[in-house]
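Chemist: Below is the sequence, then the predicted model.
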Amino acid sequence: SRGNLLPTAAHQQIEANLNEMNYIVGMCERLRGSPVPPVYTSHTSRLLVFYLCFLPVALHGAKLDALVNVLVSTMAGYAMLGLDEISHLLELPFQLMPIHELSKNMMLDVADSFVCQPPYLNPNLEKSSDNFSYPFDDTNPAPTYW
């Protein structure tokens, strides 16, 4: 029957949303397919180690106390090596994020929005918690797609 069809504006909005989701999925696929080159990461790691090896020598040349030299070198090394490790983890974001689970949950939410319709409100009744009726009951069950 004609009453079960979507209005044209709603159909166009759903189509626009699907196109935008397709665009976003394409962007994620491009990100996944173009990792950071390994030469870049190995070069930055070597440069960082070189810097941290010569930092105590430079601090000693600045006539700092030995204890201060050790503390500054240790803190700088801890911070810089921690940032380096974080950068290595962020190179492969799809191994960290549960993309498959997120997309599966989004697919189920979209399917639920088409299957589970909101309750029909009865405008003739006063406002109360009993002024709605569900379109599906024991005699007319909801369609199941899963």
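Modeler: Perfect, I can see it now.
Chemist: now the strands for this structure?
Modeler: Assigned by DSSP state E, the chain shows strands spanning 120-121, 132-133.
Chemist: how about low-confidence regions in the protein?
Modeler: Residue ranges of the chain with pLDDT under 70: 1-4, 35-36, 92-97, 113-146.
Chemist: which residues in it form helices?
Modeler: Using DSSP state H, the helices of the chain run over 8-33, 38-61, 66-90, 93-96, 99-115.
Chemist: Next, format those helices as CSV and append mean neighbour count.
Modeler: (C-beta placed from N, C-alpha, C; glycine too.) Output for the helices of the chain, formatted as CSV (neighbours: other Cβ atoms under 10 Å):
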stretch, mean neighbour count
helix 8-33, 10
helix 38-61, 12
helix 66-90, 12
helix 93-96, 11
helix 99-115, 11
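Chemist: Please list all residues in contact with residue 84.
Modeler: 44-45, 48 (Cβ atoms under 8 Å, 6 or more residues apart in numbering).
Chemist: Would you mind giving those as TSV with distance to residue 28 added?
Modeler: Shown next, in TSV, are the contacts of residue 84 (distance: Cβ to Cβ, whole Å):
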residue	distance to residue 28
44	25
45	27
48	30
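Chemist: and which of these is nearest to residue 71?
Modeler: residue 48 (19.1 Å; Cβ to Cβ).
Chemist: Cool, thanks, talk later.
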